[in-house]
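Colleague: Give me coordinates for this.
(one chain, ligands or ions: 1)
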Amino acid sequence: MEIKLSDDTYIPRRIFCIGKNYAKHVAEMKSAIPSSPVIFCKPSTSLVPPGEDVHYPAHGTSLHYEAEIVVLIGKEGKAISSDEAVDFISGLSLGLDLTMRDIQNELKTKGHPWETSKAFDESAPVGEFAPLSKVGDLEAIGFRCYVNDELRQDGNSSNMIFPITRLITSLSEIWQLLPGDLIYTGTPEGVGELSKGDSVRVEGEAFGAFQWKIV
Ligand code: ZN
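Modeller: Numbering: from 1, shown residues only. Here you go, the predicted model:
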């Protein structure tokens, strides 16, 4: 999938995802507040453009939506300081970190990696990107998630445990960030089940609305 923003085209090669980044979601998962960002990755083949169908995975029985703000990295950088982090953001959007919750719970119990519950095909629907200038204050981004027109999540980046600039700093200590890298920044409270036939919509003032149908 290509991402177009202004006159630029990006080919996402890596998708970094942050877990447990909103206290009320950590509480609903009966988990503990992390002392540093919880990081996992999805392959770029997980991406689904807005408006396309998402196929219910065959390998589990509990597909959950997690609406998240998604950051698009615009330039290369390693060991980025928190002061300069904002310069590496090209744009932002909203997306879904689709999760097989039954599989994830099994993996957590066994202490195994999360990939089969998080990084499967079509697990990362993502909307169109808005330039940073249109989004404004990174620590006051409001967004909502609806399932079949019913409000399920009402989030704001002001409630992140680790703000977006801190996520860029932490990731870039470990990986050289590259243009086209995406960061799913974690989900607020209100996650829940999806069934075949459901429509999921994410929306926010800076972005508009994006929808996917589960088939
Ligand atoms: Zn998530």
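Colleague: Low-confidence ranges, the protein, go.
Modeller: By pLDDT under 70, the chain has no low-scoring segment.
Colleague: Contacts only, for the residue nearest to the spatial centre of it.
Modeller: Nearest to the geometric centre of the chain sits Y184, at 2.8 Å (Cα atoms, centre = their mean). Counting by Cβ atoms under 8 Å, 6 or more residues apart in numbering, Y184 touches I15, F16, C17, I18, K42, E68, V70, G95, D97, A124. From N, CA and C alone the C-beta is placed, and that goes for glycine too.
Colleague: what does F129 give?
Modeller: I3, K4, L5, V70, L72, S90, G91, L92, S93 are the contacts of F129 under Cβ under 8 Å, 6+ apart.
Colleague: List phi and psi for the closest residue to it other than its chain neighbours.
Modeller: Using Cβ to Cβ, 6 or more residues apart in numbering and skipping residues adjacent in sequence, the residue nearest F129 is G91, 3.8 Å away. G91 has phi and psi values of phi -160, psi 180 when expressed as degrees, to the nearest 10.
Colleague: Nearest to the ion: which residue in the chain?
Modeller: D97 (3.4 Å; Cβ to the ion).
Colleague: ok, that residue to S172 distance?
Modeller: 21 Å (Cβ to Cβ, to the nearest Å).
Colleague: who has more neighbours, these two?
Modeller: Per other Cβ atoms under 10 Å, whichever of D97 and S172 has more neighbours is D97, with 26 against 21.
Colleague: bridging residues for L94?
Modeller: I69 (DSSP bridges).
Colleague: What of the one 5 residues further on?
Modeller: Counting by DSSP bridges, T99 forms beta bridges with H64.
Colleague: What residues of stretch 84-94 count as buried?
Modeller: For stretch 84-94, burial by neighbour count (16 or more other Cβ atoms under 10 Å) applies to A85, F88, I89, S90, G91, L92, S93, L94.
Colleague: same check, this time on stretch 159-175
Modeller: So, applying 16+ other Cβ under 10 Å, buried residues of stretch 159-175: 160-172.
Colleague: Check stretch 202-211 too.
Modeller: So, applying 16+ other Cβ under 10 Å, buried residues of stretch 202-211: V202, E203, G204, A206, F207, F210.
Colleague: what do you get for stretch 133-145?
Modeller: Neighbour counts over stretch 133-145 (16+ other Cβ under 10 Å) mark V135, L138, I141, F143, R144, C145 as buried.
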